[in-house]
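Trainee: have a look at this prediction, sequence included:
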Amino acid sequence: MEFTEKNKVLIVDDEYIIRERLELNVKKAGFDVVGQAETGLQAYELYKKTKPDIIISDIFMPVMNGAELLEKIRVNDSRVKFIFLTGYSEFDYAMSALKNNASDYLLKPLDTTKLIEVLNKLMDEIEEEKEMESLKRENEMIKDGSFIDHFFSNNDIHPEMSMELASLLQYPEGIRMLMIYKKGSWIGIDEDVYQIENDIKLVFFKIYRKGITDLCTTDCYAAMGAPCHSEKELRESFHFLRRILLHRFFSPNKHFYIGEDYLKVDKDKIQAIDQQNRNLLQKNKISEIIELIEIELTELKSPANLEYYLYMMKGLLLRKSDHISGVMLSDHSPIWILEQFSTLSEFASWLKALIQKTYSVNNERAELDLSTRIKQYLEENYGSSINLNSIAVNVFAHPNYISTKFKEDVGISVTEYLCSLRLERARELLNTTNLSCKKVSQIVGFQDQFYFGKCFKRKFDLSPTAFQKATLQSNENTVNNKPENS
């Protein structure tokens, strides 16, 4: 496993022997000593050059004492850790310094064991702070897209969205929208990424830059829209791109779309399929309808036909909606439903299961087994963007019913169960792989990586970095203590 470089320590004391002894013990503890200083003024100049993580300083020194050094550094740096060395006669002074953001103190004569204990404690704090800062920076790359989603879903504009829109549309050559469909949360690019529902993410560009197709790896699909100059054009582009991304069902090896046509729907073909299914339904030949699903989907050939096919299939299924616990078909568009699936085979499997359940004569067992099916869905899809609506579509039940039934059976909410599941998976990965904490959080489905760090520490009493470090140390100790073969 890879960890950060050694933490840097600056030693400040007007007695040479104490400085040398400190440097010897600090290095033995695994830290890098970046310098020694005899006065506070010398220490301040060294601090500016070396940017240490920890400063160990005597309190009373000539020219500038330790408290003055701390005060001067704290003007621009709240990060560096400060350990004061003090005698019993200076104890009150040391306690006062602690109130001024010193990190800890050590009594003279110096206790080596206590020194190492304090250094290790501060090292853990530093690593956790660095991790949290890193997660905050990473989290800024994935922005809350709720206001943008609201804008595209409604004709009104939320007040907090108006300034965002104005900045997007002020560019004279228009703004281009890149829509990305990706299971999981992370998109490794420099531009702001807006998280929308159903694993959809948006990136806005003022200029179509080279290399943009490189954003599309084998685990995502993306479509670039035409330049937009108004709110109307933005909305039209948004809905058009959602449809263009349906090409993934028919061209799974193509991951970037620009200038693609949605193609005209072949209504005659779809209506003929629908009439065939209705005739089979009248004869109660449900198994034949199911057997024909994959053939029908293969013949569709285009996103427009697929959308219209699902629209017609909804009409067929809603005739029996009272028997499927309020399935979400009536509440969502065909596009929304199709966004739950990456491949045509996934969609076909779901549709066949839905038809089987809708027209099954015995649904009691399925109803009793709802919580188990929810757990199975969460365990198979925890790395993706999940909400109650997406669960509802996949387990064929209304989201309100899901919430009530799951908590009644399991004792916790669906959200709590999903969070716990993701954290357990994260712990397994940190314990068994060389993956970074950032990568692990992405794999297990946390869109807010700062939130991941907080949840992990709340559940396991350690930050992800501290947990990974403890695991490495434990593994090293096991190897070192293993008897050699004679």
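Mentor: Received, thanks. Numbering: from 1, shown residues only.

Trainee: what separates Q276 from L241, distance-wise?
Mentor: Separation of Q276 from L241 (C-beta to C-beta, to the nearest Å) stands at 32 Å. For every residue, glycine as well, the C-beta is placed using N, CA and C.

Trainee: just list the residues touching the spatially closest residue to M61 that is not a sequence neighbour, thanks.
Mentor: Nearest non-adjacent residue to M61, counting by C-beta to C-beta, 6 or more residues apart in numbering: D14, 4.6 Å away. By C-beta atoms under 8 Å, 6 or more residues apart in numbering, the contact set of D14 is 38-39, 58, 61-62.

Trainee: cool, Y311 as well?
Mentor: Shown in contact with Y311 (C-beta under 8 Å, 6+ apart): P334.

Trainee: which stretches of the stretch 351-486 of the chain aren't confidently modelled?
Mentor: The stretch 351-486 of the chain contains residues with pLDDT under 70 at 360-368, 475-486.

Trainee: all strands for the stretch 201-350 of the chain, in order.
Mentor: Counting by DSSP state E, counting those that start in this stretch, one finds strands in the stretch 201-350 of the chain at the ranges 220-224, 256-258.

Trainee: so which of the ones you listed comes closest to P464?
Mentor: Comparing these against P464 with C-beta to C-beta, the closest turns out to be strand 220-224 (24.8 Å).

Trainee: and the closest one, what does it pack against?
Mentor: Packing partners of strand 220-224 (3 or more C-beta pairs under 8 Å, 6 or more residues apart in numbering; DSSP states H and E): strand 176-182, strand 256-258.

Trainee: how far off centre is stretch 237-244?
Mentor: Distance, stretch centre to chain centre, for stretch 237-244: 25 Å (C-alpha atoms, centre = their mean, to the nearest Å).

Trainee: tell me the SS of the residue nearest to M61?
Mentor: With DSSP: H, G, I helix; E, B strand; the rest coil as the basis, D14 sits in coil.

Trainee: next, find the distance separating it from L22.
Mentor: Separation of D14 from L22 (C-beta to C-beta): 13 Å.

Trainee: what is the nearest of the contacts of D14 to L300?
Mentor: Closest to L300 out of the contacts of D14 is D58 (78.9 Å), distances taken as C-beta to C-beta.

Trainee: surely the closest one and L85 touch.
Mentor: Yes: using C-beta atoms under 8 Å, D58 is in contact with L85, at 4.8 Å.

Trainee: who's more crowded, these two?
Mentor: More crowded of D58 and L85, by other C-beta atoms under 10 Å: D58, with 27 against 24.

Trainee: which residue, other than its chain neighbours, is closest to the more buried one?
Mentor: Closest residue in space to D58, ignoring its immediate chain neighbours: D13 at 4.2 Å, by C-beta to C-beta, 6+ apart.

Trainee: now for K454, how many residues are close by?
Mentor: Applying other C-beta under 10 Å, we find 13 other residues in the vicinity of K454.

Trainee: now it: phi and psi?
Mentor: Reported as degrees, to the nearest 10, the phi and psi values for K454 are phi -70, psi -40.

Trainee: separation between it and I355?
Mentor: Distance of K454 to I355, given as C-beta to C-beta: 43 Å.

Trainee: and D53, by the same measure?
Mentor: For D53, the distance to I355 - C-beta to C-beta - is 62 Å.

Trainee: for the two, indicate the residue with more neighbours.
Mentor: Neighbour totals were compared for D53 and I355, and D53 leads with 24 against 21 (other C-beta under 10 Å).

Trainee: show me what contacts the residue nearest to the more buried one when sequence neighbours are not counted?
Mentor: Distance criterion C-beta to C-beta, 6+ apart; nearest residue to D53, sequence neighbours excluded, is N7 at 4.2 Å. Taking C-beta under 8 Å, 6+ apart, we find N7 in contact with 31-32, 53-54, 123, 126.

Trainee: go again using 7 Å as the cut-off
Mentor: Residues in contact with N7 (C-beta atoms under 7 Å, 6 or more residues apart in numbering) are 31, 53-54, 123, 126.

Trainee: could you do L292 as well?
Mentor: Going by C-beta under 7 Å, 6+ apart, L292 touches no other residue.

Trainee: so what pLDDT did it get?
Mentor: pLDDT for L292: 92.

Trainee: how does this protein divide into domains?
Mentor: As given by automatic domain parsing, the domain ranges for the chain are 8-110, 145-258, 267-411.

Trainee: weakest of those domains in terms of mean pLDDT?
Mentor: Of all these, domain 145-258 carries the lowest average pLDDT, namely a mean of 75.

Trainee: before we move on, back to that, any chance of the domains of the chain in CSV, with distance to V440 too?
Mentor: As requested, the domains of the chain are exported to CSV (distance: least, C-beta to C-beta, whole Å):
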stretch, distance to V440
domain 8-110, 25
domain 145-258, 11
domain 267-411, 11
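
Trainee: and these: which comes nearest Q442?
Mentor: Shortest distance between Q442 and the domains of the chain, using C-beta to C-beta, is found for domain 145-258: 4.0 Å.

Trainee: quick check: A29 touching V118?
Mentor: No: using C-beta atoms under 7 Å, A29 makes no contact with V118, being 9.9 Å away.

Trainee: among the two, which residue is more densely surrounded?
Mentor: Taking other C-beta under 10 Å, A29 and V118 do not tie; V118 has more neighbours (20 against 17).

Trainee: not counting sequence-adjacent ones, nearest residue to the more buried one?
Mentor: Nearest residue to V118 in three dimensions, chain neighbours excluded: D104, at 5.0 Å (C-beta to C-beta, 6+ apart).

Trainee: also T433?
Mentor: Closest to T433 by C-beta to C-beta, 6+ apart is V440, at 7.8 Å.

Trainee: relative to R19, how far out is the one you found?
Mentor: V440 is 41 Å from R19, where distance means C-beta to C-beta.

Trainee: what's the answer for R278, then?
Mentor: As defined by C-beta to C-beta, R278 lies at a distance of 90 Å from R19.

Trainee: neighbour count: these two, which is higher?
Mentor: A direct count of neighbours by other C-beta under 10 Å for R278 and R19 places R19 higher, at 20 against 15.

Trainee: run through the residues that contact the residue nearest to T433.
Mentor: So V440 contacts 426, 429-430, 464 (C-beta under 7 Å, 6+ apart).

Trainee: ok, 8 Å please
Mentor: Here V440 is in contact with 426, 429-430, 433, 464 (C-beta under 8 Å, 6+ apart).

Trainee: no further queries at this time; thank you.
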